[in-house]
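> Structure for the following, please:
(chains A, B, C and D)
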2 protein chains.
Amino acid sequence: MHQPEHLKKAGLKSTLPRLKVLDLFENSEERHLSAEDVYKQLLNSGEDVGLATVYRVLTQFEQAGLLVKHHFEGGKSVFELNQGKHHDHIVCLQCDHVEEFYDAAIETRQEKVAAKLGFAIREHSLHIYADCTKKKCPHKP
Amino acid sequence: MHQPEHLKKAGLKSTLPRLKVLDLFENSEERHLSAEDVYKQLLNSGEDVGLATVYRVLTQFEQAGLLVKHHFEGGKSVFELNQGKHHDHIVCLQCDHVEEFYDAAIETRQEKVAAKLGFAIREHSLHIYADCTKKKCPHKP
DNA sequence: TTTGCGAATGATAATCGTTCTCATTTGTAT
DNA sequence: ATACAAATGAGAACGATTATCATTCGCAAA
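This is a model prediction of the structure:
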């Protein structure tokens, strides 16, 4: 058990719901989870949490820097563990899988463009929606 | 009056609400308008349109290729006139103003990255949220 | 340990942006 | 002019998220 320290360090009491949510993100194979995803998975695991609590905990974790939030098309927000290193996302239009990538050239170009326009980048998001060209892509039912 | 032809060409009857909305986009100084923006501006101009109609018309215009839709942080969608040339957006965190830019290097890097990962880009969005470093930035009240 | 208090929770209502429903009105081909 | 399908507007319905509020919990002090 080491999660309690994570929460302590973030200034958050180590409560049952918070530990469960953190555990989910650390042990789920899917890195990117929506509030609804988290809620359903906890219910399926027999945990008794409220949806409101899930939203609250996710927001707190985001503010504490434990999670990062992303808005993709379709209105839903997804969260993922914050691993310090920024990356962008490519969303498969066939299976909805989210892949991560990082390209230094893109990053530096962004800085250059923003500076030229008189802006200091606070955050940014690059989302690519694409067709999978591999055959192994597991299509949605 | 030339808008009716635009609509005709798009396979849309030229009705009052559609003409008003199209006119708004062509004559408003703000290129990026949300459904709510359009609705309020039409009401202020004394027009009698329903919010549902605004949403419908915007969606139709998007499908017809007259408008392009963007999702920024905060849940709202904004539309802008489609001028054929793709561009990305930088959003000022002080005044919410949206500036457009295009960087060929970024575009080609994206293609390269996607190809390497086995994807064919269908669409993409790069949103930069930044602090304005100019003094002329009109801050929000 | 037990106790006490403020923070956290869960159920539910409320909100926000958006879409749907349906009776009425409008555009347009005849 | 007429007729009929398409478009509209008012409001209900919707999905995602946030706020409310009484109850419960974590934890620190006694």
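
> The residue of chain A at minimum distance from DNA strand C: neighbouring residues, count only.
Of all residues in chain A, A:Gly50 sits closest to DNA strand C, at 2.7 Å by Cβ to the nearest atom of the strand. To be clear about C-beta, it is placed using only N, CA and C from the backbone, and glycine gets the same treatment. Residues lying near A:Gly50 (other Cβ atoms under 10 Å in any protein chain shown) number 11.

> Can you read off the pLDDT for it?
On pLDDT, A:Gly50 comes in at 97.

> Check A:Phe119 too.
For A:Phe119, the pLDDT comes out at 94.

> That one contacts B:Cys92, correct?
Yes. A:Phe119 is within contact range of B:Cys92, at 7.0 Å (criterion: Cβ atoms under 8 Å).

> separation between the residue of chain A closest to DNA strand C and A:Thr15?
Separation of A:Gly50 from A:Thr15 (Cβ to Cβ, to the nearest Å): 13 Å.

> A:Ala115 is in what secondary structure piece?
Using DSSP states H and E, the element containing A:Ala115 is helix A:104-117.

> what's downstream of the lowest-mean-pLDDT helix or strand in chain A, the next helix or strand?
Here the helix or strand of chain A ranked lowest by mean pLDDT, DSSP states H and E is helix A:3-9, holding a mean of 78. Moving toward the C-terminus from helix A:3-9, the next helix or strand (DSSP H and E) is helix A:16-27.

> May I have that following helix exported as PDB, CA atoms only?
Extracted in PDB, the C-alpha atoms of helix A:16-27 (Å, rounded to 0.1, in the frame of the first residue of the first chain):
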ATOM      1  CA  LEU A  16     -12.100   4.700   0.500                       C
ATOM      2  CA  PRO A  17     -13.500   6.100  -2.800                       C
ATOM      3  CA  ARG A  18     -10.300   8.000  -3.500                       C
ATOM      4  CA  LEU A  19      -8.200   4.900  -3.000                       C
ATOM      5  CA  LYS A  20     -10.500   2.900  -5.200                       C
ATOM      6  CA  VAL A  21     -10.400   5.400  -8.000                       C
ATOM      7  CA  LEU A  22      -6.600   5.800  -7.800                       C
ATOM      8  CA  ASP A  23      -6.200   2.000  -7.800                       C
ATOM      9  CA  LEU A  24      -8.400   1.700 -10.800                       C
ATOM     10  CA  PHE A  25      -6.300   4.100 -12.900                       C
ATOM     11  CA  GLU A  26      -3.100   2.400 -11.800                       C
ATOM     12  CA  ASN A  27      -4.300  -1.100 -12.500                       C
END
